[in-house]
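Participant: take a look and give me a structure for this.
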Amino acid sequence: MSSKRLPYSTKDVEYDNAKFRYRSPLKVATRIFSTNGICYDYGRCSIGKFLMLLMIGGLTYLMIVHRSSNHLASTVALQNTTTWDIRDVKKHNIIGRLWKKPPRLPPQLSPDDIKNTSLLEWISRQKKVKEAFVHAWTGYRRYAMGYDELMPLGKRGIDGLGGLGATIVDSLDTAMIMGLDEIVYEQGVWIEKNLMERIRTKGQVNLFETTIRVLGGLLSAYHLSGNERGAMNTSGVYVNLKGLNRDVFLETAKNLANHLLFAFTSSPTAIPFSDVVLKENSAHPAPDGLSSTAEVSSLQLEFNYLSKLSNDPRYGLKAMKVLEHIKALPKVEGLVPIYISPHTGQFNGENIRLGSRGDSYYEYLIKVWIQQENSRDNLLKYLYDMYIEAMKGVKHLLVRKSVPKGLVFVGELPHGSRGSFSPKMDHLVCFLPGTLALGATKGITKRKAAKLNLLTTEDLENLSLAEDLLKTCFEMYSVTSTGLAPEIAYFNVEGTSEQGLDGGNKSSEYINDIIIKHNDRHNLLRPETVESLFILYRITEDPKYREWGWQIFNAFEEHTRVDSGGYSSLDDVTQIPPHKRDKMETFFLGETLKYLYLLFGDKNILPLDKFVFNTEAHPFPVI
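Facilitator: This is a model prediction of the structure:
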C-alpha cells in the first residue's frame, strides 16, 4: 500500500529554517573580536594588532559593499524597472568583482509556502479542465444544440439516446459544480422550454441509459441548485440560476420517471424490460428477450432519491424490488452472470465479468447501502453482505497478475467458474478501485477510518487491491503511444504469448504485460479511471493520483480536442496521430471532465461521506 504524505501544519514545531538564515559580515567580525579578544582596550593595542584590526575592518567594508551591489543587481533584474544589465551594476564596484561570490543559499521557503505553491498549481490545472469543458460545450451548442450528442468533425448533432437532449442534461450539474453560470442558464432554459414536450412525444429509449443520464442529471441539478435540508452547506457548490425555476428540474424528473415505470409494470417479474416507448406509455424487452444485469440493478440510487424528494414511495419500491429479487438468486461466490430474463426472473448464461453488462451491479450494491444511511444496520444490510461476498469472489476467481512485471488485473469467466479464465479487462472495470475504496471507508479518509478503528482486515485488503488495480488502469494509458487507454486490454499470463500487439510506447515498463488487439484499440473518452483516481485521492490523500490524472488530461487535450469545438473519440490509441471517430459522448462532459475537475480541487466540495455519485457521476446526498 502507498504511503501517505501528511499535510503540513502552520504550527509545525519540528521545522527549523535557522541554518539557512543570512548573517551580516559586520556581525561575523564583531563575533570574532568578542570571542578572540583581539583588542578590548584601544590604548593597550600594539602596532601589529592595530594593523590587524584595520585590515579586518577593511575586509568587512568590502563584504558589505559587495553584498549591497549584488542585492541592487538582483532587484533591478527582477523588477525590470531599468534597462541596466547586472554586469553594468557590477562595473561600479571593481574591487567587489575581485571578491569571490559567496555560495548560493537554498530558497527560504517554509512548508506553508511550499503548500501554497502546490495549491496554486492545482488551481491552475483545475482551471484548464474548466476551459476544456467550455470548449466542449461551445462545440455542442454551436453545432448540435438539442441533439443527444455532438459529431465534432462533421459539425452536426446526432440522436443516439432517444432524442432527449442528453448532453444538455448530463452535463448540467458539471457546469454547476464549475461555477459556469452562463452555461447553466442556457441549459436550464432549454430544459424548461423543450424537455417536457420531448418526453411526451419521443419514441423508444433505454431504461438504464435514460435513468442514469437524464433522470440522474435532473435530480442532481435540483439538489445542487437549492438548499433543501442544507444542501448548499454540505455540497460546497453554489449555483446562480439567474431567475430560472429550479422546480422545473424536479417536475420534469417526475414526469420522466412516470414514463419509465412502465418498464417495471409491463414485466411479469420484478426484473424490468430494457426499453420504454415514451409516447405510447409502453415498454418491451430487448430483441433477444433479455435484460442486462448491470442495467436492471443500477436504477436504485436515482429512483430512491426521487421518492425522497417527491414523497412518493412508488419509484424507490419498484427499483428496490429488483435487488431484493436478485438477493434470492443463486450466485457463484457472490458473482452473477451478465444477463437476466425479465420473463423468468432468472439469470441467463454463465458469463461472469465486471466489464460491460456486469459492472455497475457491484457498484450499486455498496452505493445504495451508503445512500440509505439510516437503513445500514437493518433493512438494507443484505446489500452490504452481498457486496462483501462478491468482492471475496472477485479476489478468489478473477484477480490475477500479469507477466513479466506483475500487474494486478481482473479477468473474466466467459463460461462460468467451471470454464477457462480469460485475461481480458475492459476499461469499464476501472470503476472497481474507487468502489473498493468506498466500500472500505464509506467515504471518509483512510487516515480517519484508521484513527477511529473502523477498518477491518477485509477493508485493508480491499484498499490494497484498489491501489494495485488503479495502477494497472493507469498503465493501460501509459503503455500506449497516445497516453490514452484502449477500450479493452488483455494481459500476458503464464502460457500465453502474443507478439506485435503492444501499446506502442516502447519506453513503458509494462510494454510486454499489456496486449491490445486491433479491434479493441479505440478510446471513447471514458471516465472510469479518472473516477477511481478522484475517489482514491480523496480517501488515501496520495498526491500521485492527481499527477496521474493530470497526465491523462493532457493526453485528452493533445489527441482528442477538435479546434472548432468539442472533443472526439479515437479509433486507435497506439498510433500517432490517432484517427478521430467523430463522436463526443455525453459522459465526457458529464463524468470525465467532472471527475478531473473534482480531483484537482478542494476536497470539501461534494465530500464522499455526504454524497454518493451514481454510475453517471451525478451526486446525490446521503439520505
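
Participant: next, residue 517: phi, psi?
Facilitator: phi -80, psi 160 (degrees, to the nearest 10).

Participant: where does the prediction get shaky in this structure?
Facilitator: Scanning the chain with the threshold set as pLDDT under 70 gives 1-117, 227-233, 374-377, 497.

Participant: now do the helices in the stretch 451-600 of the chain.
Facilitator: Using DSSP state H, counting those that start in this stretch, the helices found in the stretch 451-600 of the chain span residues 457-478, 528-540, 544-560, 586-587, 593-599.

Participant: go through these and name the closest to residue 406.
Facilitator: Closest approach to residue 406 among these is made by helix 457-478 (9.5 Å; C-beta to C-beta). Where you see a C-beta, it was placed from the backbone N, CA and C, and this is true even at glycine.

Participant: so which elements touch that closest one?
Facilitator: Here helix 457-478 touches strand 408-410, helix 432-441, helix 528-540, helix 544-560, going by 3 or more C-beta pairs under 8 Å, 6 or more residues apart in numbering; DSSP states H and E.

Participant: make it 6 Å
Facilitator: strand 408-410, helix 432-441, helix 528-540 (3 or more C-beta pairs under 6 Å, 6 or more residues apart in numbering; DSSP states H and E).

Participant: in CSV: the helices of the stretch 451-600 of the chain, plus mean neighbour count.
Facilitator: Listed next are these as CSV, based on neighbours: other C-beta atoms under 10 Å:
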stretch, mean neighbour count
helix 457-478, 21
helix 528-540, 26
helix 544-560, 19
helix 586-587, 25
helix 593-599, 27
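
Participant: for residue 384, give its distance to residue 324.
Facilitator: Separation of residue 384 from residue 324 (C-beta to C-beta, to the nearest Å): 14 Å.

Participant: what do you get for residue 603?
Facilitator: Distance from residue 603 to residue 324, by C-beta to C-beta: 35 Å.

Participant: now residue 276. Nearest residue, chain neighbours left out?
Facilitator: Once flanking residues are discounted, residue 276 sits nearest to residue 283: 4.7 Å by C-beta to C-beta, 6 or more residues apart in numbering.

Participant: related to what we said a few turns ago, got the helices of the stretch 451-600 of the chain as CSV, with distance to residue 220 columns?
Facilitator: Formatted as CSV, these follow (distance: least, C-beta to C-beta, whole Å):
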stretch, distance to residue 220
helix 457-478, 25
helix 528-540, 15
helix 544-560, 22
helix 586-587, 14
helix 593-599, 10
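
Participant: which one of those helices lies closest to residue 503?
Facilitator: Across these, closest to residue 503 is helix 457-478 (C-beta to C-beta), at 8.0 Å.

Participant: contacts for that closest one next, please.
Facilitator: 1-2, 407-409, 430, 432-433, 436-437, 440, 483-485, 489, 508, 510, 529, 532, 536, 548, 552 (C-beta atoms under 6 Å, 6 or more residues apart in numbering).

Participant: write a ChimeraX command that selects only the buried members of those residues.
Facilitator: A single ChimeraX command selects the buried members of the contacts of helix 457-478 (16 or more other C-beta atoms under 10 Å):
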select :2,407,408,409,430,432,433,436,437,440,483,484,485,489,508,510,529,532,536,548,552
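
Participant: find the nearest non-adjacent residue to residue 246, please.
Facilitator: Using C-beta to C-beta, 6+ apart, the closest residue to residue 246 is residue 225 (4.5 Å).

Participant: next one: the one you found relative to residue 182, how far apart?
Facilitator: From residue 225 to residue 182 the distance is 15 Å (C-beta to C-beta).

Participant: out of the two, which sits in the busier spot?
Facilitator: Shown here are residue 225 and residue 182; by other C-beta atoms under 10 Å, residue 225 has more neighbours (24 against 12).

Participant: quick one, what contacts that one?
Facilitator: 239, 241, 246.

Participant: which of the residues you listed count as buried?
Facilitator: In the contacts of residue 225, the ones that pass as buried (16+ other C-beta under 10 Å) are 239, 241, 246.

Participant: narrow those residues to those in helices?
Facilitator: Among the buried ones among the contacts of residue 225, no member falls in helices (DSSP state H).

Participant: which single one of these is nearest to residue 402?
Facilitator: Nearest to residue 402 among the buried ones among the contacts of residue 225 is residue 239, at 45.3 Å by C-beta to C-beta.

Participant: ok, now how distant is the closest one from residue 581?
Facilitator: Relative to residue 581, and taking C-beta to C-beta, residue 239 is found at 33 Å.

Participant: same question, residue 334
Facilitator: To residue 581, residue 334 is 37 Å away according to C-beta to C-beta.

Participant: just give me the neighbour total for the nearest residue to residue 350 once chain neighbours are set aside.
Facilitator: Nearest non-adjacent residue to residue 350, counting by C-beta to C-beta, 6+ apart: residue 416, 3.2 Å away. Neighbour count of residue 416, defined by other C-beta under 10 Å: 14.

Participant: tell me, how many residues neighbour residue 154?
Facilitator: Residues near residue 154, counting by other C-beta under 10 Å: 12.

Participant: cool, residue 512 as well?
Facilitator: Neighbour count of residue 512, defined by other C-beta under 10 Å: 16.

Participant: tell me how many other residues crowd residue 122.
Facilitator: For residue 122, the neighbour count with other C-beta under 10 Å is 16.

Participant: distance of it relative to residue 153?
Facilitator: Distance from residue 122 to residue 153, by C-beta to C-beta: 32 Å.

Participant: follow-up on the earlier one: wait, which of the contacts of residue 225 is closest to residue 397?
Facilitator: residue 239 (45.0 Å).

Participant: list phi and psi for that closest one.
Facilitator: Backbone torsions for residue 239, taken as degrees, to the nearest 10, come to phi -120, psi 130.

Participant: ok, back up a step: for residue 129, find the nearest of the helices and strands packed on helix 457-478.
Facilitator: Closest to residue 129 of the helices and strands packed on helix 457-478, according to C-beta to C-beta: helix 528-540, at 10.2 Å.

Participant: so which other helices or strands are in contact with that closest one?
Facilitator: If you count contacts as 3+ C-beta pairs under 6 Å, 6+ apart, helix 528-540 packs onto helix 432-441, helix 457-478, helix 544-560, helix 593-599.

Participant: include distance to residue 132 when you put the ones you listed into a markdown table, please.
Facilitator: Putting the helices and strands packed on helix 528-540 into a markdown table (distance: least, C-beta to C-beta, whole Å) gives the following:
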| stretch | distance to residue 132 |
| --- | --- |
| helix 432-441 | 22 |
| helix 457-478 | 17 |
| helix 544-560 | 7 |
| helix 593-599 | 6 |
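
Participant: those: which one's closest to residue 568?
Facilitator: Nearest to residue 568, of the helices and strands packed on helix 528-540 and by C-beta to C-beta, is helix 544-560 at 5.5 Å.

Participant: what lies in contact with that closest one?
Facilitator: Contacts of helix 544-560 (C-beta under 6 Å, 6+ apart): 125, 474, 477, 482-484, 530, 533, 536-537, 567-568, 578, 596, 599.

Participant: still on that earlier bit, of residue 384 and residue 324, who's got more company?
Facilitator: Remark: of residue 384 and residue 324, residue 384 carries more neighbours, 17 against 13, as counted by other C-beta under 10 Å.
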